[in-house]
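Q: Quick one, fold the following:
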Amino acid sequence: MKIENPHPIQWQFSERAQGLQSSFIREILKITQRPEIISFAGGLPSPATFPVERMKAAYDKVLSETGKVALQYGPTDGFAPLREWIANSLSTEGTRILPEQILMVSGSQQALDLIGKVLIDEGSRVLVETPSYLGALQAFSVYRPQFASVDTDDDGLVPSSIDAVAKGARLLYSLPNFQNPTGRSLSLARRHELVETCARLGLPLIEDDPYGALSYSGAPMPKMVAMNPDGIIYMGSFSKVLTPGIRLGYVCAPLPLVRRLELAKQAADLHTAQLTQMVVHEVVKDGFLDQHIPTIRTLYGNQCRAMLDAMAEHFPASVSWTKPEGGMFIWVTLPKNIDAMKLLDTAIASRVAFVPGAPFYANEGETNTLRLSFVTVPPERIREGIAILGKLIAAML
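A: Just a heads-up that it's a prediction; the model follows:
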């Protein structure tokens, strides 16, 4: 029976909920769904790289042979054979990673949330790059930390700047390979310096590595977790090398921390989908990624070069940009007098979209910056969109 004339509910949102903010990128993506828009905004992998037939065959096999197991609840830490495969892939000659150190998560965004839940209290100091990944800033912001920005330059994070802001910090979040949003990568020397600095300070280091396999040369840099596995939280994902729709990532962490993360995950969702984990293991277990990832590198490398060439041709000389050697992004710095938010308005009116750079800063954002993604746009559309954008920038000088 329906209640007649109920009193309206007065929703009392928590302080945490009142502080939640929508992702600026997600709001832009609503606009870019229009087919006439040339979108450089999304950080989405190219659907052309999705191994649809391989995934379909794996689903068929898993459901046919072990369907009752795949469709059942699973352990919180994840499907054991997949965790063992990941541990082996992270192990090196000098560093052995144990399967017990691996926690499967529902996309690396959940990993960020769990890390925040376990390590951050209100007011805790959290160190981040300048600029940093917007998704990490969002995930950590729920726990109301005090963000402190670590200096960066054209070569990425500057390890020598950490000491000045490290006092009382709970963690340092880094994206060392083809960083989102800048496309920059840390040199081998800086990786060693970063690991040594954090070890000296007793500062937990997060190594978020969704793009590390996407080096256009096919020569990925060594992982920092192998340099100090007791002090580094490594985050990996299958989103950029298989498909983002499966929402499957993982954390590798020292045993005391991974157990706490497991407890936090139990409270969040009990476990990541058993079926998805079993399917991914079926896909990757026999070396499929060794053949598949080079095709992604080739596609993204060609589209990156198309964008860089178009920018050199059409952008004014007062504009500068990064020249990534892998990944999905190019970071653009405009003259100081140009506000990228205002440029976006005119760009969308001209059927081109990008992401302004200011939201990627934890503290004071630089309004004359923007991020371009090239991986979902074919070369001819890249050239068309960059030519339009170049004219719009020139008109604002």
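Q: Contacts for stretch 152-166 next, please.
A: With contacts defined as CB atoms under 8 Å, 6 or more residues apart in numbering, stretch 152-166 is touched by 125, 127, 129-131, 148-151, 172, 174, 176, 179, 182, 184-187, 190, 193-194, 197-198, 201, 203, 322. To be clear about C-beta, it is placed using only N, CA and C from the backbone, and glycine gets the same treatment.
Q: C-alpha coordinates for that stretch, PDB please?
A: Extracted in PDB, the C-alpha atoms of stretch 152-166 (Å, rounded to 0.1, in the frame of the first residue of the first chain):
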ATOM      1  CA  THR A 152      58.500  18.500 -11.500                       C
ATOM      2  CA  ASP A 153      60.300  19.600 -14.600                       C
ATOM      3  CA  ASP A 154      60.600  18.400 -18.200                       C
ATOM      4  CA  ASP A 155      62.000  15.100 -16.900                       C
ATOM      5  CA  GLY A 156      59.200  14.600 -14.400                       C
ATOM      6  CA  LEU A 157      59.300  14.400 -10.600                       C
ATOM      7  CA  VAL A 158      62.300  16.100  -9.000                       C
ATOM      8  CA  PRO A 159      63.400  13.800  -6.100                       C
ATOM      9  CA  SER A 160      65.700  16.500  -4.600                       C
ATOM     10  CA  SER A 161      62.500  18.500  -3.800                       C
ATOM     11  CA  ILE A 162      61.000  15.900  -1.600                       C
ATOM     12  CA  ASP A 163      62.900  16.600   1.600                       C
ATOM     13  CA  ALA A 164      61.400  20.100   1.900                       C
ATOM     14  CA  VAL A 165      57.800  18.900   2.000                       C
ATOM     15  CA  ALA A 166      58.200  15.300   3.500                       C
END
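Q: List the buried residues in that stretch.
A: 152, 156, 157, 158, 159, 161, 162, 165, 166 (16 or more other CB atoms under 10 Å).
Q: Report the two of those separated the most.
A: The widest separation within these, taken as CB to CB, falls between 156 and 166 and amounts to 17.7 Å.
Q: Give me the below-cutoff pLDDT ranges for the protein.
A: Along the chain, the model assigns pLDDT under 70 to residues 1, 22-29, 31-32.
Q: tell me the helices in this structure, going along the chain?
A: 15-18, 24-32, 52-70, 80-90, 108-119, 134-141, 188-201, 255-269, 274-284, 288-314, 340-349, 379-396 (DSSP state H).
Q: Make TSV out of these and add distance to residue 43.
A: Formatted as TSV, the helices of the chain follow (distance: least, CB to CB, whole Å):
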stretch	distance to residue 43
helix 15-18	26
helix 24-32	7
helix 52-70	21
helix 80-90	23
helix 108-119	12
helix 134-141	9
helix 188-201	23
helix 255-269	24
helix 274-284	21
helix 288-314	12
helix 340-349	16
helix 379-396	16
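Q: nearest to residue 367, of these?
A: Nearest of the helices of the chain to residue 367, taken as CB to CB: helix 340-349 at 6.1 Å.
Q: quick revisit: can I have the buried ones of the contacts of stretch 152-166 as a PyMOL selection?
A: Only the buried entries of the contacts of stretch 152-166 go into this PyMOL selection, using 16+ other CB under 10 Å:
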select buried, resi 125+127+129+130+131+148+149+150+172+174+176+179+182+184+185+186+190+193+194+197+198+201+203+322
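Q: From the contacts of stretch 152-166, which land in strands?
A: Using DSSP state E, the subset of the contacts of stretch 152-166 located in strands is 125, 127, 129, 148, 149, 150, 172, 174.
Q: Many thanks, have a good one.
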